[in-house]
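[1] need a 3D model of the following:
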Amino acid sequence: MFSWLRKDDRRKREPMIFNTVNEGLWKCYNEKLKPLETAYRFNDFHYPPMASPDFEARPMVLLLGQYSVGKTSFIRYLLEADFPGMRIGPEPTTDRFVAVMHAEDDQVIPGNALAADPTKQFRTLQRFGNAFLQRFECSATNSPVLEGITIIDTPGVLSGEKQRTARGYDFEGVIEWFAQRSAMIVLLFDAHKLDISDEFHRCIRGLKGNEEKIRIVLNKADLVTPQQLMRVYGALMWSLGKVLTTPEVARVYVGSFWDRPLEKDDMRKLFEAEEQDLFKDIQQLQRRDATRKMNDLIRRARLAKVHSFVISKLKNEMPSFFGKKSKQEALIKDLKKVYDQVRREASVSTGDFPPLARFQQQLNEYDFSTFSKLNPRLLEKVDDMMATDIARIMKMIPLEDDHSQVITGGAFGRGEKETTDPFSGDDIFSLRTGRDSEEWVVEQHKSDYDKVFFTLNPKDGKVTGLKAKDVMVQSKLPNSVLKKIWGLADLDKDGQLNQDEFAIAMFLVDAKKEGHDLPDQLPFHLVPPDMRGLDDLDGNDDN
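    Numbers count the residues shown, from 1 in each chain. Model (predicted):
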């Protein structure tokens, strides 16, 4: 049946013309893979058809977890700013899917409008119906972090059958839709709530085929002692072992991803190292995005080919006139045998076949006699795409990577630029300075700060970063917050603090402990009067 696959006399075609990786991938899909999908109803069984925005979109980070595990707080921690529609609380505050995206002006876009926008990658979400679209929105804000990624906040996964059915839409299907298109899937767990509900279990099972994208975050780890954390970590790994059916051990990042002071800072260095590792991983998403999209297209093409083989095989097995219904029922029941026959005749891998039980359930809704027979020309196009076009695109990826930027802004600072602050365990954080105002308000607290400053035995009127760090970490604020404070206070960027700079740092520490947000740039009224002429501060005089 598949003997034509072994022939070498393929017709030569003119190569496709494209200037970028994304353009090349879109043309490969639209001109060569999409016709095969359409002919064999691939989109009805597996994934909806793709459009140009799917290839042009920024990489997505999907956050999943049960309610009150810190998903929304995690986003705020990355952005270091609030975003429109944000709500944080111990109860299930996020009752909808929120796409946190970049825009020049803050706004909230309702789901129906978002899914109808031809420039966005969400149009195929319309198939989940109005009940879902009313629980879907875009939170657009001007954050430099979102120039590199889009973050998907999700409703807290609930427990109980009543709560699951009350959603009114296919929650697990929506999760699977986002997972298939995401560059990273972050599963968040609370150190105090490790149970995996039935619905969460089904959601994780729905991530099958995307295991390489999954990252595990054990959040709020500062609320337990080191001994308790060890036990919690072991319990989490045991629970995940029953859900994630992969031979590899899942990578778990331990920490507390919010800007509150640490309740227990015994494991501070561990939290800092884990945070840096996770942030590095996220930072590289933009750089690896072209490779990921190409890999997803190849995986989709392999599944589409196997799907066409199976569908055409079922078509050929159907009788011409009598006994169609009984024959179709027998084919569905013995679908495993059909898989084996296709595997032998087409020389395809067992791992390329769709899940058996799910495919059997889907086939019950179709009349096999309406299926199409195998079209060698359509398959030849896909084979040519895999052998020729993809190889050309792969050669372009290193060139694009050389010019791509890692994600910057927010908790990531300036990315890979060198810094001189003592809180940079690695060069992934950086901070900004400068803004106008009139008088120095730190003076009223300065006498207290000066007492601490002179206990550090300053040399030439300055204390080193390490000495200042010993004082600042006593606040129990997270390392990234102290890093930002250092960047704001070290006005001359010499890696040391003079008496006035130290006072600024301590003033900002106290302000943060009182619950105030740190500015992105130091307000001019916090700059010491005798330092307002520094070159680094000249840009503030216009504000």
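[2] mind giving me the packing neighbours of the helix or strand containing Asn22?
    According to DSSP states H and E, Asn22 maps onto helix 21-28. On a contact count with 3 or more CB pairs under 8 Å, 6 or more residues apart in numbering; DSSP states H and E, helix 21-28 meets helix 52-56, helix 285-317, helix 390-403. (Each C-beta comes from the backbone N, C-alpha and C, glycine too.)
[3] can you redo those helices as TSV with mean neighbour count?
    Below are the helices and strands packed on helix 21-28 laid out as TSV (neighbours: other CB atoms under 10 Å):
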stretch	mean neighbour count
helix 52-56	18
helix 285-317	20
helix 390-403	13
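[4] using JSON lines, please lay out those together with distance to Ala140 and mean pLDDT.
    Below are those laid out as JSON lines (distance: least, CB to CB, whole Å; pLDDT from 0 to 100):
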{"stretch": "helix 52-56", "distance to Ala140": "16", "mean pLDDT": "91"}
{"stretch": "helix 285-317", "distance to Ala140": "19", "mean pLDDT": "92"}
{"stretch": "helix 390-403", "distance to Ala140": "26", "mean pLDDT": "72"}
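[5] nearest to Glu176 among those would be which one?
    Set against Glu176 and scored by CB to CB, these come closest in helix 285-317, at 13.9 Å.
[6] after the closest one, next one along is what?
    helix 324-333.
[7] now the angle from that following helix to helix 285-317?
    Here helix 324-333 runs at an angle of 140 degrees relative to helix 285-317 (axes from the mean of the first three to the mean of the last three CA atoms, to 10 degrees).
[8] quick one: contacts for the nearest residue to Leu33 once chain neighbours are set aside?
    Once flanking residues are discounted, Leu33 sits nearest to Ala301: 5.4 Å by CB to CB, 6 or more residues apart in numbering. Contact analysis of Ala301 by CB atoms under 8 Å, 6 or more residues apart in numbering lists 33, 382, 385-386.
[9] could I get the helices and strands packed on helix 21-28 in TSV, plus columns for distance to Phe83?
    Conversion of the helices and strands packed on helix 21-28 to TSV gives the following (distance: least, CB to CB, whole Å):
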stretch	distance to Phe83
helix 52-56	22
helix 285-317	19
helix 390-403	29
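[10] most neighbours among the contacts of Ala301, please name it.
    Leu33 (25 neighbours; other CB atoms under 10 Å).
[11] thought it was touching Met385?
    Yes. At 6.5 Å, Leu33 counts as touching Met385 under the criterion of CB atoms under 8 Å.
[12] tell me the bridge partners for Thr141.
    On the basis of DSSP bridges, Thr141 is bridged to His102.
[13] residues in contact with Asn375?
    Contacts were defined as CB under 8 Å, 6+ apart; by that measure Asn375 touches 39, 308.
[14] what's the neighbour count on the residue nearest to Ile407 when sequence neighbours are not counted?
    Nearest residue to Ile407 in three dimensions, chain neighbours excluded: Gly148, at 3.6 Å (CB to CB, 6+ apart). Gly148 has 24 neighbouring residues, counting by other CB under 10 Å.
[15] any idea how far His102 is from Gly148?
    Going from Gly148 to His102 by CB to CB, to the nearest Å gives 9 Å.
[16] what do the two both touch?
    Jointly contacting Gly148 and His102 under the rule CB under 8 Å, 6+ apart are Arg58.
[17] on the three-state scheme, the spatially most central residue of the chain is what?
    For the chain, the residue nearest the mean C-alpha position is Val61 (1.4 Å; CA atoms, centre = their mean). Following DSSP: H, G, I helix; E, B strand; the rest coil, the label given to Val61 is strand.
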